[in-house]
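A.B. asks: What follows is a predicted protein model with its sequence.
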Amino acid sequence: MEADTLELESFLPYRLYRLADAVSREFSRVYKDRHGLTRPEWRTLAGLGQHGTMTATALGEQSAMHKTKVSRAVAELERRRWLTRKPDEKDRRVEHLTLTRAGLTAYREMVPLAKAFERDLLGRLNASERAAVTEGMAALKGALDRSTTQL
């Protein structure tokens with residue numbers, strides 16, 4: 001292979017992206033079948049369910065979603081009456097998003113399904129494979145954290 005050629009199938013960032021996408025697509029069947037949610041809608045529901053009131057900016061940062069995806073997800077969840085928006089008292093450009101009772105109900109229905117999905121996925125691995133995945137992810141995260149603090 002030439003030095004100026006990149007084989008995507010063995011390039012770590014590409015492999016990680018493909019793996020994350022495959023896992024996300026498989027899990028998407030759970031929330032799509034249950035509630036007809038898209039990935040951004042699920043991530044928005046999950047973020048608000050976990051953290052309570054958040055801004056759209058905070059949701060985007062927490063879920064690594066672009067602001068347009070967050071905005072569309074918020075609009076759809078609001079249309080379903082699963083979340084409410086409350087303008088910030090000091091900055092009217094900012095809105096605080098909170099799940100409604102119906103949104104919390106949907107979130108609480110999804111939590112055990114999400115945990116079961118994770119258990120099932122990890123259950124396909126033996127103990128040493130599970131440990132290797134956990135340790136490898138932690139090592140990569142640590143390496144990235146160290147490189148960003150050195151900038």
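C.D. replies: Done, it's in. Here the structure is a predicted model, which is why all the values come from computation and not from measurement. Numbering: from 1, shown residues only.
A.B. asks: switch to C-alpha atoms for all contacts and neighbour counts from now on
C.D. replies: OK.
A.B. asks: Could you check how sure the model is about stretch 124-133, as an average pLDDT?
C.D. replies: Over the span of stretch 124-133, the pLDDT mean works out to 97.
A.B. asks: outside of that stretch, which residues touch it?
C.D. replies: With contact meaning C-alpha atoms under 8 Å, 6 or more residues apart in numbering, stretch 124-133 is reached by residue 122.
A.B. asks: distance between that stretch and the chain's centre?
C.D. replies: 22 Å (C-alpha atoms, centre = their mean, to the nearest Å).
A.B. asks: For residue 82, give me the backbone phi and psi.
C.D. replies: When quoted as degrees, to the nearest 10, the phi and psi of residue 82 stand at phi -100, psi -10.
A.B. asks: count of neighbours near it?
C.D. replies: When neighbours are defined as other C-alpha atoms under 10 Å, residue 82 has 21 of them.
A.B. asks: ok, now residue 85?
C.D. replies: 18.
A.B. asks: any idea how far it lies from residue 115?
C.D. replies: Using C-alpha to C-alpha, to the nearest Å, residue 85 is found at 28 Å from residue 115.
A.B. asks: Over to residue 125?
C.D. replies: Distance check for residue 125 against residue 115: by C-alpha to C-alpha, it reads 16 Å.
A.B. asks: before we move on, what about residue 8?
C.D. replies: Note on residue 8: its distance to residue 115, by C-alpha to C-alpha, is 32 Å.
A.B. asks: Same question for residue 21.
C.D. replies: Residue 21 is 18 Å from residue 115, where distance means C-alpha to C-alpha.
A.B. asks: can you check residue 62 too?
C.D. replies: Separation of residue 62 from residue 115 (C-alpha to C-alpha): 19 Å.
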